[in-house]
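>>> this one's sequence-less:
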Ligand code: NAD
Ligand code: UGA
């Protein structure tokens, strides 16, 4: 029986390994993590992450061939294939701070693998890492190796949160990079055999290590670049009377462009787009390619511009001040169908409005008060560095309240900001909403989910991204 161990029971490690276990009943899969509360949650009825379909997959295999454990060393030692799916955040200090990837967690995992291994292993980079990381990891693993062979593969993950299970069941492609040596090719084949249980072989792409590592950064950069491109257009739409949805549709029907990732928004969020582009920028700079670095940097700048533009629009529309005014924030997660708030644009928008002394009433169906309070108290880039977390007590910020119902958040508010495209925000009773608000009642739709004409008929003043005012 092939044994797989995955280090890191997060948004990637958990769902990915659950699907491997489901699709490969003869493989034993153990997901390990140093965070005991996370492992306890994976072993309970309340999984640590909200992801449609995940509960069902975990229930089908947990205790059969899928296990979650804090006994990291034991399970790494026993495994034939070790996936490393630890966090690789942006460095906050030292060389490359604010751009480079912090590989502390990766390096400590690699050192531990080297220390505890007694048999040959395939070590798989699942985390997103800078191109050439495998070279450094190889050096750590082969140091003091006592005759043990480690073969490194790069197998980046392309799932998106909110659709992780569907993405894993039917991936556009699985990418495996390895050394062009007989051992490298043999290891590629071994991992290919795992995925071939459910992924058509023509969708399993095999490349050299560096292409696989760089493809992951490139894919995220291209996806984010499309959003910044359409968001840049949204500003021009507002200035000219064009409608960004019509422009997106018109250009997306060109098969060379395609319709996906052209939804204008308040800005992209999530744990990876910004971090991976900054990482790419840093790699370009280190390789003496400032023009290339500046090109990609612009994607982040436009994203920041879009978030600022939104805040400015709210404040300027509401007679240039939101001081003391209640504003309802609908949605805090970085996209719908997840409770994840990492780099959510809601944080920047809330901080911007708080800076102008607004009173915020926040509602998200999947994000806890504690999480929102911590997010609003944290410095940029600190969210993925646990030692820096300094939770505020929920009552310490008098300008913010977190409620468990959209109507409660909206009652007596001067304005509503829609930050996440949760389906329930499309179907609110907007007549009732209007009646319960201060007048004039404003709606600022950062996700283009509401029917602008219908709301204007009710009496709202509506601002939607990239739509005629
Ligand atoms: P995460 O923070 O949710 O999970 C990482 C886990 O690794 C944490 O639970 C942490 O406790 C654990 N960990 C850290 N160091 C460890 C160690 N030495 N030993 C054992 N456990 C350790 O992160 P994530 O969102 O799952 O992302 C993981 C990687 O996958 C990142 O590189 C990310 O860029 C990449 N990625 C993420 C997504 C996504 O949608 N979140 C998608 C594709 C790729
Ligand atoms: C993204 C990629 O889509 C995944 O392929 C990748 O594996 C992952 O990053 C990663 O490396 O972490 P994710 O961040 O989970 O996945 O979610 P996306 O659907 O890509 O959305 C990212 C952000 O862009 C969200 O805030 C979303 O609302 C925003 N977005 C997306 C738009 O504003 N407009 C769009 O058209 C699409």
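Cool, the structure landed. Bear in mind the structure is a predicted one, so any value in this text is a computation, not a measurement. Ligands and ions are numbered 1, 2, ... in the order given.

>>> surely residue 15 touches residue 56?
No - using CB atoms under 8 Å, residue 15 makes no contact with residue 56, being 11.7 Å away. Using the backbone N, CA and C atoms, a C-beta is placed for each residue, glycine as well.

>>> quick check: residues of the protein near ligand 2?
Counting by CB under 6 Å from any ligand atom, the chain comes close to ligand 2 at 128, 157-161, 220, 223, 227, 261-263, 265, 268-273, 334-335.

>>> at 5 Å instead, please
For the chain, the residues in contact with ligand 2 (CB under 5 Å from any ligand atom) are 158, 160-161, 227, 261, 263, 265, 268-270, 272, 334-335.

>>> between residue 15 and residue 56, who's got more neighbours?
The neighbour comparison of residue 15 against residue 56 (other CB atoms under 10 Å) goes to residue 15, with 24 against 11.

>>> need the pLDDT of the more buried one.
With respect to pLDDT, residue 15 has a value of 98.

>>> chain center to the helix or strand containing it: distance?
Counting by DSSP states H and E, the element that carries residue 15 is helix 13-23. On the basis of CA atoms, centre = their mean, to the nearest Å, helix 13-23 sits 18 Å off its chain's mean C-alpha point.

>>> next one: stretch 30-42
Centroid separation for stretch 30-42 versus its chain: 20 Å, with CA atoms, centre = their mean.

>>> and it, end to end?
Taking CA to CA, to the nearest Å as the measure, stretch 30-42 stretches 12 Å from start to finish.

>>> can you name every helix or strand that the helix holding residue 15 contacts?
strand 3-7, strand 28-32, helix 54-61, strand 66-69, strand 81-84, helix 164-169 (3 or more CB pairs under 8 Å, 6 or more residues apart in numbering; DSSP states H and E).

>>> TSV for these, including distance to residue 446 and mean pLDDT?
Below are the helices and strands packed on helix 13-23 laid out as TSV (distance: least, CB to CB, whole Å; pLDDT from 0 to 100):
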stretch	distance to residue 446	mean pLDDT
strand 3-7	35	98
strand 28-32	35	98
helix 54-61	27	98
strand 66-69	36	98
strand 81-84	36	98
helix 164-169	24	98
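
>>> okay if I get these as CSV plus distance to residue 402?
CSV is the format used below for the helices and strands packed on helix 13-23 (distance: least, CB to CB, whole Å):
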stretch, distance to residue 402
strand 3-7, 33
strand 28-32, 31
helix 54-61, 25
strand 66-69, 30
strand 81-84, 35
helix 164-169, 26
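
>>> just put these in TSV and tack on distance to ligand 1.
Shown next, in TSV, are the helices and strands packed on helix 13-23 (distance: least, CB to the nearest ligand atom, whole Å):
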stretch	distance to ligand 1
strand 3-7	5
strand 28-32	6
helix 54-61	13
strand 66-69	11
strand 81-84	8
helix 164-169	7
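
>>> can you name the residues that contact residue 300?
By CB atoms under 8 Å, 6 or more residues apart in numbering, residue 300 lies in contact with 228, 274, 277-278, 281.

>>> can you rerun that using 6 Å?
Shown in contact with residue 300 (CB atoms under 6 Å, 6 or more residues apart in numbering): 274, 277.

>>> that one is in what secondary structure piece?
helix 290-317.

>>> where do the strands sit along the stretch 301-450 of the chain?
Secondary structure of the stretch 301-450 of the chain by DSSP state E, counting those that start in this stretch: the strands cover 326-330, 359-363, 400-402, 415-418, 442-445.

>>> strands paired with the first one, and their directions?
Looking at strand 326-330 with DSSP bridges, its partner strands are strand 359-363 (parallel), strand 415-418 (parallel).

>>> quick one: which of those strands is nearest residue 75?
strand 359-363 (39.7 Å; CB to CB).

>>> contact partners of the closest one?
So strand 359-363 is in contact with 326-330, 332, 350, 372, 399-403, 406, 409, going by CB under 6 Å, 6+ apart.

>>> can you put the strands paired with strand 326-330 in CSV and add mean pLDDT and mean neighbour count?
Below are the strands paired with strand 326-330 laid out as CSV (pLDDT from 0 to 100; neighbours: other CB atoms under 10 Å):
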stretch, mean pLDDT, mean neighbour count
strand 359-363, 98, 23
strand 415-418, 98, 27
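
>>> so how far is ligand 1 from residue 233?
Here residue 233 is placed at a distance of 26 Å from ligand 1 (CB to the nearest ligand atom, to the nearest Å).

>>> what helix or strand is that residue located in?
Going by DSSP H and E, residue 233 is part of helix 209-240.

>>> which positions within that helix qualify as buried?
Counting neighbours by 16 or more other CB atoms under 10 Å, one finds that the buried residues in helix 209-240 are 209, 212-217, 219-221, 223-235, 237-238.

>>> is the helix holding residue 15 positioned near ligand 1?
No - legend: contact between helix 13-23 and ligand 1 by CB under 5 Å from any ligand atom is lacking; minimum distance shown is 5.6 Å.

>>> all good on my end, thank you.
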